[in-house]
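Student: below: sequence and its predicted model.
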2 protein chains.
Amino acid sequence: MPLIVTGSIGIDTIHAPTGTAERVLGGSAAYFAAAASFHAPVRLVAAAGGDWPDAHRQVLEGLSNVALDGLEIRSASQTFAWGGRYFDNMNQRETLFTELGVLDEEGPAIPATFRDSEFVFLANTHPVEQTRLLGEFPNRRLAVADTMDLWINIAHTELLGLLEQVDGVVLNDEEAEQLTEESNAVTAGRRILEMGPTFAIIKKGEHGCILVHRDGLATLPAFPAESHQVVDPTGAGDSFAGGMMGHLAATGVSDFESIQSALAWGTITASFAIESFSLDRLTRLTRQEIDERMTSFRVAARVG
Amino acid sequence: MPLIVTGSIGIDTIHAPTGTAERVLGGSAAYFAAAASFHAPVRLVAAAGGDWPDAHRQVLEGLSNVALDGLEIRSASQTFAWGGRYFDNMNQRETLFTELGVLDEEGPAIPATFRDSEFVFLANTHPVEQTRLLGEFPNRRLAVADTMDLWINIAHTELLGLLEQVDGVVLNDEEAEQLTEESNAVTAGRRILEMGPTFAIIKKGEHGCILVHRDGLATLPAFPAESHQVVDPTGAGDSFAGGMMGHLAATGVSDFESIQSALAWGTITASFAIESFSLDRLTRLTRQEIDERMTSFRVAARVG
């Protein structure tokens, strides 16, 4: 089933205890597409500016399962740029700078050949823009949106409008608490379902994730990575979403049990993304490595 | 296989967003024994003072699978008393007061009939006392110790001495980091194995636990409780340990896979303990309820 992601292309500058990466390829659409491409063909919709490095374009062009027809280069604009610093435990970060660039302009156009997309992932952006994008996919069978604290704060009503129209939402535990004023992740998930979606996936970083679905409840630990395996957590959430949606698009099914299975594929795919800066690990990754790690994960996460 | 716990009897005063409980039955040995008793017969070794309420004694006497021959009442002493306050999210607490009472005296004697215990759980106390207690069980097949930040700080050498002698250690993620200076739980676990034990269980509260064992690695989420199910987290760790050790004692096996299974039984048993103040929920609990919740947990925590 055709899978599409709408999101950002970013130029990331990362400071972490493991090192520094200056102006490397990032952005939600880039991470998502690379991660999803191991599971299913994926269509990318995003905009970049005239400053977008050729080397970054070559990385995306090197992803064999990613259609770039929706990649819009605006030569007079700047690419979205983000700088962040991770602290010792890699669980907390601060934003050093954000230059919106093209993200502050009109959103990208959807190529006519992408309009039949059935599995739709709306990566984090203004909920009004997400709602517009959603309307571009009349054949959608499963639409999932990401969001962030900024929109919960400054575009709350618009976000609620979006939540009425999507099937699922992906957000982290702090965002879920902010949206629902409930610190318990399961209870927060129930509140979100009252806002419209059929399911909510609450991400807890190194502690895994929880799926609250009208038809059931699932909980999954993260892949138990050791400290030397965690180089840069940037893009972990988008890689998780990519692996998850890629699995769903590959199977063509999206009931509770399929989404529960997809969480594990998302978890494993994301566990590779954080092993390097930028998309470096994802571009060197093979499907066999994913399958092998999934086998280890099934053993480690077996319920007695 | 005979299971024994050495630990504390406490008189707890709890302030939580869910209410207040004044001078209720608590203590590591009480929670552990109640939790373990659903899985296997358990022997309790602990001391209480002359102020210990009859009502508390009656609760322990009402536990059909718990042998109280090792319960020592010291009429001239005070029972250990602890007061704590939980904050809104139930994950953080502050200690309001600690009156050591009998815990500041010589440790309890081990009845001769308990010396053949094979599964031994040394609940949290001074590591020198834990080491002495360990020596009382020449037939031990599996000895597991709990510890806490206090001993890591003020009795570090003695704790290392204990770790060389036990098979396993149970501690929370903050304590594991404090002991090893490693914030990554898996890596912290590996460091602990270098100190002697065959396995380390790192508890993460509402985020589950991780087992680092010489023969493998396991990760398990917590039971996904909703906010209304969490009344008082006091004793969750001891109830987890009780359910886990009870399962191991019942099966008589303690290899990696058995411990991994035992984590789930500990998780489920503890998920009931937090549904009330004191041992109230555990004393009303049935084995059938445990089995039913385990069935739900297997569904919720299934890896896709």
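Tutor: Received it, and whenever you're ready, just let me know what you need.
Student: my guess is residue A:69 contacts residue A:111, does it?
Tutor: Yes - when contacts are counted by C-beta atoms under 8 Å, residue A:69 is listed as touching residue A:111 (4.5 Å). Every residue, glycine included, has its C-beta placed from N, CA and C.
Student: who has more neighbours out of these two?
Tutor: Set side by side, residue A:69 and residue A:111 show more neighbours around residue A:111, with 16 against 13, by other C-beta atoms under 10 Å in any protein chain shown.
Student: hmm, residue A:128 is touching residue A:151, no?
Tutor: No - look at residue A:128 against residue A:151 with C-beta under 8 Å: they stay out of range, at 9.4 Å.
Student: quickly list what's touching both of the two.
Tutor: residue A:158 (C-beta atoms under 8 Å, 6 or more residues apart in numbering or on different chains).
Student: neighbour count winner among those two?
Tutor: Between residue A:128 and residue A:151, counting by other C-beta under 10 Å, residue A:151 is the more crowded of the two (21 against 16).
Student: any idea which element the more buried one lies in?
Tutor: helix A:149-154 (DSSP states H and E).
Student: which strands and helices sit next to that helix?
Tutor: helix A:156-163, helix A:173-180 (3 or more C-beta pairs under 8 Å, 6 or more residues apart in numbering or on different chains; DSSP states H and E).
Student: what's the first one packed up against?
Tutor: Packing contacts for helix A:156-163, counted by 3+ C-beta pairs under 8 Å, 6+ apart, involve helix A:127-134, helix A:149-154.
Student: tell me the buried residues in the last one?
Tutor: Neighbour counts over helix A:149-154 (16 or more other C-beta atoms under 10 Å in any protein chain shown) mark A:151, A:152 as buried.
Student: in chain A, which helix has the most residues?
Tutor: helix A:256-273 (DSSP state H).
Student: CA atoms only: put that one into PDB for me.
Tutor: Extracted in PDB, the C-alpha atoms of helix A:256-273 (Å, rounded to 0.1, in the frame of the first residue of the first chain):
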ATOM      1  CA  PHE A 256      -4.800  -3.300  16.900                       C
ATOM      2  CA  GLU A 257      -2.700  -6.300  16.600                       C
ATOM      3  CA  SER A 258      -1.000  -5.100  13.400                       C
ATOM      4  CA  ILE A 259      -0.200  -1.800  15.100                       C
ATOM      5  CA  GLN A 260       1.200  -3.600  18.100                       C
ATOM      6  CA  SER A 261       3.500  -5.600  15.900                       C
ATOM      7  CA  ALA A 262       4.500  -2.400  14.100                       C
ATOM      8  CA  LEU A 263       5.600  -0.900  17.300                       C
ATOM      9  CA  ALA A 264       8.300  -3.500  17.600                       C
ATOM     10  CA  TRP A 265       9.500  -2.900  14.000                       C
ATOM     11  CA  GLY A 266       9.500   0.800  14.700                       C
ATOM     12  CA  THR A 267      11.500   0.200  17.900                       C
ATOM     13  CA  ILE A 268      14.100  -1.900  16.200                       C
ATOM     14  CA  THR A 269      14.500   0.500  13.200                       C
ATOM     15  CA  ALA A 270      14.900   3.400  15.600                       C
ATOM     16  CA  SER A 271      17.500   1.600  17.600                       C
ATOM     17  CA  PHE A 272      19.800   1.700  14.600                       C
ATOM     18  CA  ALA A 273      19.100   5.300  13.800                       C
END
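Student: next secondary structure after it?
Tutor: helix A:280-284.
Student: what does that following helix rub up against?
Tutor: A:31, A:34, A:35, A:59, A:62, A:63, A:239, A:272, A:273, A:274, A:275.
Student: from these, pick the one nearest chain B.
Tutor: Of all the contacts of helix A:280-284, chain B sits closest to residue A:274, with 12.1 Å by C-beta to the nearest C-beta.
Student: which residues touch the closest one?
Tutor: Contacts of residue A:274 (C-beta under 8 Å, 6+ apart): A:225, A:229, A:230, A:231, A:232, A:233, A:235, A:236, A:239, A:281.
Student: who wins on neighbours among those?
Tutor: Ranking these using other C-beta under 10 Å puts residue A:239 first, with 30 neighbours.
Student: show me what contacts that residue?
Tutor: Applying C-beta under 8 Å, 6+ apart, the residues contacting residue A:239 are A:31, A:32, A:34, A:35, A:266, A:269, A:270, A:272, A:273, A:274, A:282.
Student: any idea how far residue A:160 is from it?
Tutor: Taking C-beta to C-beta, to the nearest Å as the measure, residue A:239 falls 28 Å from residue A:160.
Student: then residue A:115?
Tutor: From residue A:115 over to residue A:160 (counting by C-beta to C-beta), the distance is 26 Å.
Student: hang on, residue A:184 packs against residue B:226?
Tutor: Yes - counting by C-beta under 8 Å, residue A:184 does reach residue B:226; the two are 6.1 Å apart.
Student: of the two, give the one with the bigger neighbour count.
Tutor: Neighbours per residue (other C-beta under 10 Å) separate residue A:184 from residue B:226, with residue A:184 holding more: 24 against 16.
Student: which non-adjacent residue is nearest the more buried one?
Tutor: Counting by C-beta to C-beta, 6 or more residues apart in numbering or on different chains, residue B:227 is the residue found nearest to residue A:184 once chain neighbours are left out, at 3.7 Å.
Student: was I right about the one you found contacting residue A:181?
Tutor: No - between residue B:227 and residue A:181 there is no contact under C-beta under 8 Å: 11.1 Å.
Student: and the two? Which one has more around it.
Tutor: Taking neighbours as other C-beta under 10 Å, residue B:227 and residue A:181 compare with residue B:227 leading, 17 against 8.
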